[in-house]
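Novice: got a predicted structure here, sequence first:
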Amino acid sequence: MAGTPLTLLALVILIAVAIRVGWKAVSAPVPPPPITPCITQDVKGKLTTQDVTVSVYNSGHTRGLAGSVSKQLANVGFIIDSVANRDPSVRTVTIIGQDAKNPEVRLVAGYFPGAVVKSDPKRVDHEVEVVIGDRDPNVKTNAPKFVKVDGPVCLPSPSPAPSMLATPGQQPS
């Protein structure tokens, strides 16, 4: 009987440690999904706005500016991936792509005269980010809708089309 209190104490400590480890595991932030690398695609010598995926981020305090810019870009054919807020703030429109010399980055930059263009080699998906501040970026909607390219271009992997079951309100028959 002398070992019973020690056994209970050991069990209590073991349960406390398990609760602490479990809580840390449950409350840890979920890591972001990995970026899907781009896929080399033949665009037949002409990269169009319909081939380029863009995310628009508002880094300023003007509400709805990123939404407005994304609509303007969608109206000229760009594929809009996401629209959101982002830190840190920028004064000048900033365009970020895998390499500032890539055709998809040059095509997007043509819609934002005077924009700062930056390279981010970690953008293996070749998606282009447009980061705007508080000023209206005056999107040049009459810019060319294509750039000429030599050979295939690496572009984001096309998203699968949503299935009928993924559409709200519809039931399979």
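Specialist: Thanks, I have it.

Novice: where exactly do the helices run in this structure?
Specialist: Ranges of helices in the chain, per DSSP state H, are 4-27, 65-75, 103-109.

Novice: distance to Ile96, mean neighbour count and mean pLDDT for those helices - can I get that in a markdown table?
Specialist: The C-beta positions use only the backbone N, C-alpha and C, and glycine is treated the same way. Output for these, formatted as a markdown table (distance: least, Cβ to Cβ, whole Å; neighbours: other Cβ atoms under 10 Å; pLDDT from 0 to 100):
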| stretch | distance to Ile96 | mean neighbour count | mean pLDDT |
| --- | --- | --- | --- |
| helix 4-27 | 32 | 9 | 92 |
| helix 65-75 | 14 | 19 | 95 |
| helix 103-109 | 8 | 23 | 97 |
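
Novice: where are the low-confidence patches of this protein?
Specialist: Residues of the chain meeting the criterion pLDDT under 70: 1-2, 158-173.

Novice: need the helices of the chain in a markdown table with distance to Val54, can you?
Specialist: Shown next, in a markdown table, are the helices of the chain (distance: least, Cβ to Cβ, whole Å):
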| stretch | distance to Val54 |
| --- | --- |
| helix 4-27 | 34 |
| helix 65-75 | 6 |
| helix 103-109 | 6 |
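
Novice: for those, which one sits closest to Asn58?
Specialist: Among these, helix 65-75 comes nearest to Asn58, with 3.6 Å by Cβ to Cβ.

Novice: residues touching that closest one, excluding its own?
Specialist: 49, 54, 56-58, 80, 83-85, 108, 111, 130, 132, 134, 136-137, 139, 141 (Cβ atoms under 8 Å, 6 or more residues apart in numbering).

Novice: I'd like the list of those that fall within strands, please.
Specialist: The strands, defined by DSSP state E, take in Val54, Val56, Tyr57, Asn58, Ile80, Val83, Ala84, Asn85, Val130, Ile132 from the contacts of helix 65-75.

Novice: which residues touch the first one?
Specialist: Right, the one you point to is Val54. Val54 makes contact with Ser70, Leu73, Phe78, Ile79, Ile80, Asp81, Val108, Glu127, Val128, Glu129, Val130 under the criterion Cβ under 8 Å, 6+ apart.

Novice: I am finished for the moment; much appreciated.
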